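Colleague: Give me coordinates for this.
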Amino acid sequence: MSKSHEHKLVRQTLDRVGKNHSLSSLTMQKRLANLKTIGRFMARQGLNDISNMKTKHVDSFVRHLREDRQLAPSTLQGYVTALRVLSAAIGKEHIVKTNDELGATRSNSDRFKNGETPSNFERLAEIKAALYAKTDWQGVAFEMQERFGLRLKESLGSNKVEHIDGKDYLRIPAGFTKNALERRVEITTGEQRAILEKVNAIKTVQGTPGIIPAHLSLKQGYWKQLNAIRNLGGTKANHANSHCLRREHIRERYTDIKNMPEKTSRDDAKKQLIEEAGHFDCEKLKHYTK
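Modeller: Take a look at the predicted model:
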């Protein structure tokens, strides 16, 4: 295998995935490094085009990382995420198995410690009121996190509703997600519809495609919102950062799921919940709830 062929596969890999400007610079650097490693390995597997990657190639790559390089599961997870992003980019999401099947699940018990972390509901309510007092778009963004379990950046760019098989879904664009993969969250409550009406009202008044004012970029809007929340006492130490909104949304839905009488229904509902939260493995629920 020539260096030129290896370079070709690396370039194909990077070009297929493209750039996700919503990621932090450090996360982007790690993602690019992982993708380059994947491209080089696939070249050594004899692939002429990265779009020909199959499950057997993915399994071989992860086995190489786990057995030959002896990487820890926590490190493997970063590579598996990169594999998922790449497989989605080439239209083959199904070729990457679950973290458990790939041996990329951490076994140390403290990884689920956040499942028992309490939230300061009184402080969260105060922060929401204060944000609405500042500007409507900041209050609405905070409430979008609360109603849909979104990450902060996702709350700033998710405003399109899609109708699929008689149901309504909020589309979370790839450019705003943590893993650069688009997803949908089913709209099931009156509170969700009400906050989406506020989103549309802000867009109409501002004449903007989203709730961020025209004079602010996504990056500026993100940091303005994050700093405002922090300055109002929305910190991890106070059990009132914006992640608490996401965690409590998932906890509330999971409580309903646990009360379902049929196991099959519970399993299907858990799978839908974790996918709507932007994860792939139901084990991730333990990061949010007991």
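Colleague: I'd like to know which elements the longest helix belonging to the chain is packed against.
Modeller: Once the chain is assigned using DSSP state H, the helix that runs over the most residues is helix 25-44. Packing contacts for helix 25-44, counted by 3 or more CB pairs under 8 Å, 6 or more residues apart in numbering; DSSP states H and E, involve helix 3-17, helix 55-63, helix 73-89. In short, each C-beta sits where N, CA and C put it, glycine included.
Colleague: Report the angle between that helix and helix 55-63.
Modeller: Between the axis of helix 25-44 and that of helix 55-63 there is an angle of 120 degrees, by axes from the mean of the first three to the mean of the last three CA atoms, to 10 degrees.
Colleague: Would you indicate which residues of helix 25-44 are buried?
Modeller: Within helix 25-44, the residues that count as buried by 16 or more other CB atoms under 10 Å are 30-32, 34-43.
Colleague: how's this structure carved up into domains?
Modeller: The record, using automatic domain parsing to delimit domains, assigns the chain the ranges 3-107, 121-287.
Colleague: For those, give me CSV that also has mean pLDDT.
Modeller: Below are these laid out as CSV (pLDDT from 0 to 100):
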stretch, mean pLDDT
domain 3-107, 88
domain 121-287, 93
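Colleague: residues near the closest residue to Lys92 other than its chain neighbours, how many?
Modeller: Closest residue in space to Lys92, ignoring its immediate chain neighbours: Met53 at 7.0 Å, by CB to CB, 6 or more residues apart in numbering. By the other CB atoms under 10 Å criterion, the neighbourhood of Met53 contains 24 residues.
Colleague: Next one: Met53 from Ile187, what distance?
Modeller: 35 Å (CB to CB, to the nearest Å).
Colleague: again, but for Arg66
Modeller: Relative to Ile187, Arg66 is positioned 40 Å away (criterion: CB to CB).
Colleague: same deal with Asn48?
Modeller: Spatial separation of Asn48 from Ile187 under the definition CB to CB is 44 Å.
Colleague: How about Lys3?
Modeller: Taking CB to CB as the criterion, Lys3 is separated from Ile187 by 51 Å.
Colleague: So these two - more neighbours on which side?
Modeller: The neighbour comparison of Lys3 against Ile187 (other CB under 10 Å) goes to Ile187, with 18 against 9.
Colleague: Once you drop chain neighbours, what's closest to that one?
Modeller: Excluding the flanking residues, the one nearest Ile187 by CB to CB, 6+ apart is Asp168, at 4.3 Å.
Colleague: Helices of the stretch 151-290 of the chain, residue ranges please.
Modeller: Using DSSP state H, counting those that start in this stretch, the helices of the stretch 151-290 of the chain run over residues 152-157, 190-206, 218-231, 243-258, 263-276.
Colleague: any idea which of the buried residues of helix 25-44 is closest to Leu181?
Modeller: Arg31 (12.3 Å; CB to CB).
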